[in-house]
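sharing a model prediction with you, sequence too.
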Amino acid sequence: MTETLIGVVGGSGLYEIDGLQDAAWVTVETPWGVPSDQILTGELDGVKMAFLPRHGRGHVHAPSDVPYRANIDALKRLGATDVISVSACGSFREEMAPGDFVIVDQFIDRTVARDKSFFGSGCVAHVSVAHPTCPRLGDACETAARDAGITVHRGGTYLAMEGPQFSTVAESKMYREQWGADVIGMTNMPEAKLAREAELCYASVAMVTDFDSWHPDHGAVDITAIIATLQGNSSNGAELVRRLPAILGPERSTCPHGCDTALEYAIITAPEKRDPALLAKLDAVAGRVLG
Ligand SMILES: CSC[C@H]1O[C@H](OP(=O)(O)O)[C@H](O)[C@@H]1O
Ligand SMILES: Nc1ncnc2[nH]cnc12
C-alpha cells in the first residue's frame, strides 16, 4: 500500500478548489519548464491533494501552449498517484447535453503542435495507451458524480483538437458521424499520454458545455454560451472533486490495470547508449525504473 495523493488538473472554469486543510500554493520547478501555475496543496478527508489550474489562474495559457510535460512532471514530483482532469467539452451526442458530465475512456488525438512524450532520442520508450484512462479511478469519479446528483455518462470518446478556433461544421459532422467521437476538447491530449508515461492513473471528467457545430437546432458553438454553461456548472466539478478523497481513501493498492507499472518494459534504449542529460530529466517521471 502507498499513500494516495490525488492530483487534479482543473480546466476552463475551474481555477481553484475550496475546503483544503493546510492549503498552500506551492511553486514546483521541473526539468520540463514552468508548470501552468503554482499548485494548491492540502488535505481533504485525510487524503493529500494537489490542484493545478491547467490554463493558469486568470486563464493565461492557450490549449496549444499549456506546458503539459511540466504539469505532469510537477504532479508526479509532488507524489501524485492519481490524476483527475476536469475539462469543458463540446458534445456530439443528443443524449450528452450541456450540463451533463462524461467520464471519458478513449481519445482520438488530432493535436499536432505539442510535445507529446518525456522520452526521445537518448532514451526511447514506447508505452501502451490502448486503454488511456484508469477504470478504477473512473469508478471513483462516477460514484462521486452520482453522489453529487450530477447527470453522468460512463464512457465516451474525446476528440482532442489543436484549436484554438472551434471546428468547422464539416469537421464537426465528420468527427461525429464517421469517426464516432462523443465529445470534443482541446487539452486532454497529450496530457493523458504523459500521465501514462509517468505511471499515473488518469481519469478525465468532461463537462458538456455545448453541441459543437453539428446540431441542426443549436447552430455553431460560441464562447459566450460556453462561459454561461460553465458558470452554471463549475460548482458541480468542484463538488465532484471534493467527494473523491473519501471514496479513494488515504491508502492505495497497486493499480489492478497496470497504470503504475506502465514503464516496466517500455524503455528500449540499451543502458550504455542512454543520454545522461535526458536520464537526469526523467528523475521524477521514470525514477522507479531508471533507479
Ligand atoms: C473555454 S472553451 C475552449 C477551451 O475549454 C476547454 O478547456 P479545458 O479542456 O482545459 O477545460 C477546451 O479544451 C478549450 O481549451
Ligand atoms: N465545442 C468545443 N470544441 C472544442 N473545445 C471545446 N471546449 C468546450 N466546447 C468545445
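Now that the structure is in, tell me what you want to look at. Ligands and ions are numbered 1, 2, ... in the order given.

any idea how far Pro271 is from Val289?
Distance of Pro271 to Val289, computed by Cβ to Cβ, to the nearest Å: 11 Å. The C-beta positions use only the backbone N, C-alpha and C, and glycine is treated the same way.

look at the two and report which has more neighbours.
Shown here are Pro271 and Val289; by other Cβ atoms under 10 Å, Val289 has more neighbours (16 against 9).

pretty sure that one sits against Asp260.
No. Between Val289 and Asp260 there is no contact under Cβ atoms under 8 Å: 11.3 Å.

close to ligand 2: what parts of the stretch 51-200 of the chain are there?
By Cβ under 6 Å from any ligand atom, the residues of the stretch 51-200 of the chain that approach ligand 2 are Ala88, Cys89, Gly90, Met161, Phe166, Ile184, Gly185, Met186.

neighbours around the fifth one, how many?
Counted with other Cβ under 10 Å, the burial measure for Phe166 works out to 19 neighbours.

element containing it?
Assigned by DSSP states H and E, Phe166 belongs to neither a helix nor a strand.

residues touching the spatially closest residue to it that is not a sequence neighbour, list them.
The shortest distance from Phe166 to any non-neighbouring residue, by Cβ to Cβ, 6 or more residues apart in numbering, is to Val221 (5.0 Å). For Val221, the contact set (Cβ atoms under 8 Å, 6 or more residues apart in numbering) comprises Gly90, Phe166, Ser167, Asp210, Phe211, Asp212, Ser213.

highest neighbour count among those?
Gly90 (29 neighbours).

and that residue, that one's in a helix?
No. Per DSSP: H, G, I helix; E, B strand; the rest coil, Gly90 lies outside any helix segment and is strand.

tell me the bridge partners for it.
Ile184, Asp210 (DSSP bridges).

quick one, what contacts it?
Phe166, Ser167, Ser172, Val183, Ile184, Gly185, Val208, Thr209, Asp210, Phe211, Asp212, Val221.

name the helix or strand for the third one, please.
Assigned by DSSP H and E, Ser172 belongs to helix 169-173.

quick one, helices of the stretch 51-200 of the chain?
Counting by DSSP state H, counting those that start in this stretch, the stretch 51-200 of the chain has helices at residues 68-77, 135-147, 169-173, 188-197.

nearest to Gly42, of those helices?
Gly42 lies closest to helix 68-77 among those, at 14.3 Å (Cβ to Cβ).

residues from the protein in reach of ligand 1?
Gly11, Ser12, Arg54, His55, Pro63, Ser87, Ala88, Gly185, Met186, Thr187, Ile223, Ile226.

helix/strand/coil for the last one?
To tie it back to what came earlier, the one meant is Ile226. Assignment for Ile226 (three-state DSSP): helix.

right, I'll leave it there.
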